[in-house]
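In: next comes the sequence, and after it the predicted model I'd like to discuss.
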Amino acid sequence: MNHESHWVLGRLDWSALPFWDALQHPTTMNIVNAIIASGAGAMVILGGLIAAAALTWTKRWRWLWSEWLTSPDHKKIGIMFIVIALVMLARAVIEAVFMRLQQAVGLDGGFLTAEHFGQLFTTHGTIMVFFMAMPFLTGIINYVMPLQIGTRDLSFPVMNTISLGLTAAGAALVMVSLVLAPFSTGGWSGYPSFTESAANPGAGVDYWIWAVTLSTLSSTLTGINFAVTIYKKRAPGMTWFRLPLFTWTALCTSILMIFGMPPLTVATALLALDRYLDFHFFTADLGGNMMNYINLFWAFGHPEVYILILPAFGIFSEIFSTFSGKTLYGYTALVIATLAIAVLSFTVWLHHFFTMGQSAHINAIFGIATMLIGVPTGVKIYDWMLTMFRGRIRFSVPMIYAIGFIMLFVLGGLTGVILAVPSVDYQIHNSLFLVAHFHNMLIPGLLFGMLAGTNLWFPKAFGFRLEERWGRRAAYCWIVGFMMAFFPLYALGVLGMPRRSAAFFEPTYLPWTLIAGIGAIVILVAMLFLLLQLWVSVRDRELNRVPGGDPWDGRSLEWSVSSPPPEYNFPVIPEIHGRDAYMRQKESGGGAHPRPDDYTDITMPANTAMGAIIGMTGFLMAFGLTWYEWWLVMAAGGATLVALVARGFTRQRTRTITAAEVHRQHDTWLRELASLRPVTRAEEQSSANRGLPASPVEGAVQ
Amino acid sequence: MIIGLTLIVVLPVLVLTPLILARYRYGRNSEYRPHWAFSKIADTAIWGVPFLVVIALAIVAWRGTVSLDPYKPIDSNKAPLRVQVVGFDWKWLFIYPDQGVATVNDLVIPTHRPISLQLTSASVMQGFFVPALGSQVDVMNRMVTRLHLEADQEGEFPGKNMQYNGKGFHLQRFATHAVDDEAFQRFADRTRRSGNALDAHVLDALNEKSTAAQLTQEIEPQNAVSKPAALRFGSVPHDLFQAIADHETPDWSSLTSKVPVSSGPATPDDRGEKQP
Amino acid sequence: MNSTSTRHPGLNLGHAHGEAHEASEELVFGFWVFMMSDLIIFGLLFATYITMLGGTAGGPGPHELFELKSAFIETMLLLISSFTFGMASLALKYRSDRKVLVGWLVVTLLLGLGFIAHELYDFHKMFSEGGVPSRSGFLSAFFALVPLHGLHVTGACIWLVALLGQIAVHGLDTPTKTGLMRLAILWHFLDVVWIGIFSIVYLGGIA
Ligand code: HEM
Ligand SMILES: [Cu+2]
Ligand SMILES: [Cu+2]
């Protein structure tokens, strides 16, 4: 790595190309790795070109700009967040498969260089957490939460576009690192002093720092936006204890984001100061102390895992009650449990480094605090079981994910308790046992939750149901693939195999790594099935249309409007009289879709380019910083400032939809509704389901 | 014990969930109570039982953690053997301050005698772990951590680094040889007599990013093939460990002898067991 | 006393703006939440600073580098600017005369700029005495905490200039007013943070 800086290109030179190294040292290993890396880089370039060509071909640039990129509509922003998440999920899963294959053949070697393997686990972990999980849950909350609380938008729609822009910028930066390599090898946690410039002078760690920083800024703004929205914009009558459970979890997650993201912002910022300006926060010499970083990182890191899991808990709560045709059991207990988890999550960060030599008593206290979190979590699990108890359980795709979740998640909980005992953790810390444990929480918990939520709310967003058969196959493959890929890792961990190992020398590991490798392939197949599910669903969309808007006999307000909902969500803001607001209305016999007495003009936020601009300048700043291109940093920074100041001067910030227009659209929908045949739950998965359920209780009994 | 206690909460989920699913499947016409949402008995149980389990677990965890504290000296009528461990990228240096010798990637210890380890890192953070002998502990630059071990039987136990520190990470392994007292004494004597001096040149080589095999290649090229990955030093500056931990220069003048590199290094079977 | 005016003194959007009022309240509330998040950042930097007090690595420490007099002048500049911003807020609420408001704002801006200038001068002096961030962990922590506050003040000054521009272009309409209200929160917040810096870093360092 040369450190002379070109005045335009900074440190960027030929050696950033993924095949450069192999040209210099053409060993077989290097050539194989160069082909893999260049293939990945080529995919990024090709993907970009194909997307651009398709947009040009179909003359859709303007449409993309005015309907999507500048739209302040929370629903569209939510969908864009989810698109980012799915693209990044695909990349991170492919990387995971490469790692698993490497270890499957990794006895005494394998086909990946250690350097390449290091980049793989770092990008995989970083992407999965910051650019798959966070955008996914942010997208789903964005889409669903305002509908559930009966409002037309978030409190700060423009800030919402900026959050999206920042996340997109971070994701783009990680993608660009495939073309202009390398990425960091410091893992998703980026511990110094390994990530200090003394040990790792290259651009890799800088890519990681700025990608993560963009993501954390985005999430902080998102957290503020969600929390204020839930606090201030609930429909009349939507009191705290009438909020749907998903909204509760969204609130707790937002609060965790507001308080949990700053520690990471500080940690990465200080690390950047060390690397760029020769500060000494985490260096070994001149008074630095890397343990400060580790504390800061996990003061973020542990709340983060609850940021990831709580919305999934919310989604599962909705699913268990909807698909059991039953009120959620123990609503109040679930709310209290959620709050308890959120609060406790700030008190246990030390369990991530029991082995750093603190006193046994401190370790024991933090271990016990960690186990305490198990209590509210256990309560939730039992509440869900009691929700199904004496219900009428329908095995739709979301429910399959939910069942997979409940069975697998408790096993993850069991291993979590094991890890929480410091004296046991001394034996398995940083081994594959730990990797198995957190994947056991994150895949059945977070990822299944997000996929289940996608299946649940897709018809709301696009007006047609996702195809069930391929969906079910995908779900089964996920469940089986997960078990095959990760249960062997528990064994490997107990056998003492360290995480992040590019290769190993113990023949006893081989059977386990082979099974895990096959499991990863099954997961790849699951991804393929998800793609097929989408394709078949789009192809057969006319068969699966649900204009009625309520395909699952839903309980909360989002099901009371058309599918897709009008941009203003509710022609008239509903008045809430109790929990499960929409179900209540359906059961009350007063008609599920009352015609309002009169309509009023609706004011909606006007389109804005702020998100696109800040996303762009954010990306350029991060890229410039990574490669020491100072002119770019200053130009992009200046542009950001100008954009923010200019925004302050604009006054055309809203757009009005007239009462007559709202009236007309609502009438059209009500007429369509009147033409639909209500279906019982027995017909839920057939094309007879047009989104109008038969009167609920009767329908459920069939 | 821990698993058993936790299973009190986990097992019912694994057993009851399938039963509920089978019994209340749509179309089976079992009892249906769409509005049933609370039961005092059930709620008491689902809060109470996990809570009691956590209390029990807390007691187990507390006891275990305090009694297995890696910092706590092991009870024994023998005086512990002191070993100082330095983690380099990507090899381990073991210093025996009382014997005045050192090895790379080869930890020789007597059985049935407590070993008292002091650990530090000359580079980034690493994790010292001999799975067969007990706890792992992090080793960190400018910090000294402690660990107490004891081998109950003779044998060879692999040791590892658990904390990723770059491309040689998976190669940073070492062998722990537990031998009887006599063999240990022999090992120390021979090493003192025949091992190289750990001088400034060797320390520089240790500080480079290299695996033990590459290190051997550098300082004992003639042994690199026959004996990769185990170097012995018969003379070590008395303050080497502390100097590394404090980022200071060791007292090179305390090196007793400067044995030339070529003078018959220790061989692997020098440990005393199974002498041919 | 009506309830909205006690919740956010200074909010005076007139009685004709029912909805605008609510929207502004949301903005102000959101800004408070943002300040909480920012406060965590400062809190963590304070904590980092305290843990690194010992990390001078043989370099200059608080006694050699800090000058109480200078820090005191900066404190006064900032405290007075908070007062003048308070006067501006009162003018925004009770006076129809725009000139008074603008006058107070300009005075506030000048005090803010004075603070920044004085702080820069301090840093310059520290640098010339060898107190550079690359010297030690202690100095790193100092130069992360104190200049971050300075950067906030700079940002607040830029915002203030922008708002003066908005007053010139749009007059005192609702967006300008809510802008001023949020800036006021930020300004007083920075004052509070500075008092923390003054007592923990400067007074604590020299004592
Ligand atoms: C979809 C299937 C997945 C597979 C096959 C997979 C596989 C892997 C593998 C092989 C590793 C490296 C283990 C090692 O250190 O040796 C890893 C690490 C990791 N994975 Fe996954 N993973 C998957 C999904 C996820 C998901 C959904 C998340 C989070 C939302 C996630 C987060 C992580 C993290 C944080 C790491 C640690 C990276 C590091 O060591 O710094 N993974 N995964
Ligand atoms: Cu944790
Ligand atoms: Cu430490």
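Out: Now that the structure is in, tell me what you want to look at. Ligands and ions are numbered 1, 2, ... in the order given.

In: which SSE is residue 41 in?
Out: Picked chain A for this. For A:Gly41, the host element (DSSP states H and E) is helix A:28-57.

In: oops, wrong one, chain B.
Out: Short version, using DSSP H and E: B:Ile41 is in helix B:40-67.

In: and the next helix or strand after that helix, which residues are buried?
Out: Later in the chain than helix B:40-67, the nearest helix or strand by DSSP H and E is strand B:81-88. Within strand B:81-88, the residues that qualify as buried by neighbour count (16 or more other Cβ atoms under 10 Å in any protein chain shown) are B:81, B:83-88. All C-beta spots, glycine's among them, are computed from the backbone N, C-alpha and C.

In: I'd like those residues as TSV, with pLDDT and distance to B:Arg33 appended.
Out: Formatted as TSV, the buried residues of strand B:81-88 follow (pLDDT from 0 to 100; distance: Cβ to Cβ, whole Å):
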residue	pLDDT	distance to B:Arg33
B:Leu81	94	69
B:Val83	96	67
B:Gln84	96	68
B:Val85	96	64
B:Val86	96	67
B:Gly87	96	62
B:Phe88	94	67
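
In: nearest to B:Ser235 among those residues?
Out: Nearest to B:Ser235 among the buried residues of strand B:81-88 is B:Gln84, at 15.2 Å by Cβ to Cβ.

In: filter the buried residues of strand B:81-88 by proximity to ligand 1?
Out: Checked against ligand 1 using Cβ under 6 Å from any ligand atom, the buried residues of strand B:81-88 yield no neighbours at all.

In: quick one, phi psi at the residue in the stretch 551-700 of chain A that chain C sits nearest to?
Out: For the stretch 551-700 of chain A, the residue closest to chain C is A:Val645, as judged by Cβ to the nearest Cβ, at 4.7 Å. Main-chain torsions, A:Val645, degrees, to the nearest 10: phi -70, psi -40.

In: can you tell me which of the buried residues of strand B:81-88 is closest to ligand 3?
Out: Distance to ligand 3, by Cβ to the ion, is smallest for B:Gly87 among those, at 12.6 Å.

In: and that closest one, bridged to which residues?
Out: Applying DSSP bridges to B:Gly87 gives these bridge partners: B:Trp92, B:Ser121.

In: that one contacts B:Phe129, correct?
Out: No. Between B:Gly87 and B:Phe129 there is no contact under Cβ atoms under 8 Å: 11.3 Å.

In: if I look at the two, which residues touch both of them?
Out: Common neighbours of B:Gly87 and B:Phe129, counting by Cβ atoms under 8 Å, 6 or more residues apart in numbering or on different chains, are B:Asn161.

In: low pLDDT regions in the chain?
Out: Going with chain A. Along chain A, the model assigns pLDDT under 70 to residues A:1-3, A:696-702.

In: that's the wrong chain, I wanted chain C
Out: C:1-20.

In: the helices in the stretch 501-650 of chain A, which residues?
Out: Assigned by DSSP state H, counting those that start in this stretch, the stretch 501-650 of chain A shows helices spanning A:510-539, A:581-588, A:610-626, A:630-649.

In: about what we covered before: and the residue of the stretch 551-700 of chain A closest to chain C, how far from A:Glu196?
Out: To A:Glu196, A:Val645 is 36 Å away according to Cβ to Cβ, to the nearest Å.

In: over to C:Leu77?
Out: Taking Cβ to Cβ, one finds C:Leu77 at 37 Å from A:Glu196.

In: briefly note if stretch A:561-575 comes near chain C.
Out: No. Under the criterion of Cβ under 8 Å from any Cβ of the partner chain, chain C is not reached by stretch A:561-575; the shortest gap measures 12.5 Å.

In: tell me which residues in that stretch are buried?
Out: A:561-574.

In: now do the contacts for A:Gly187.
Out: Here A:Gly187 is in contact with A:121-122, A:125, A:500, B:164 (Cβ under 8 Å, 6+ apart).

In: so how far does stretch C:164-184 reach from one end to the other?
Out: End-to-end distance of stretch C:164-184 (Cα to Cα, to the nearest Å): 13 Å.

In: cool, and stretch A:557-571?
Out: Counting by Cα to Cα, you get 13 Å between the two ends of stretch A:557-571.

In: now do it: distance to the chain's middle.
Out: 24 Å (Cα atoms, centre = their mean, to the nearest Å).

In: could you dump the buried residues of strand B:81-88 to TSV with distance to C:Gly30?
Out: Compiled in TSV, the buried residues of strand B:81-88 are given as follows (distance: Cβ to Cβ, whole Å):
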residue	distance to C:Gly30
B:Leu81	63
B:Val83	59
B:Gln84	56
B:Val85	53
B:Val86	53
B:Gly87	49
B:Phe88	52
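
In: from the residues you listed, pick the one nearest A:Leu180.
Out: The nearest member of those to A:Leu180, counting by Cβ to Cβ, is B:Phe88 at 32.2 Å.
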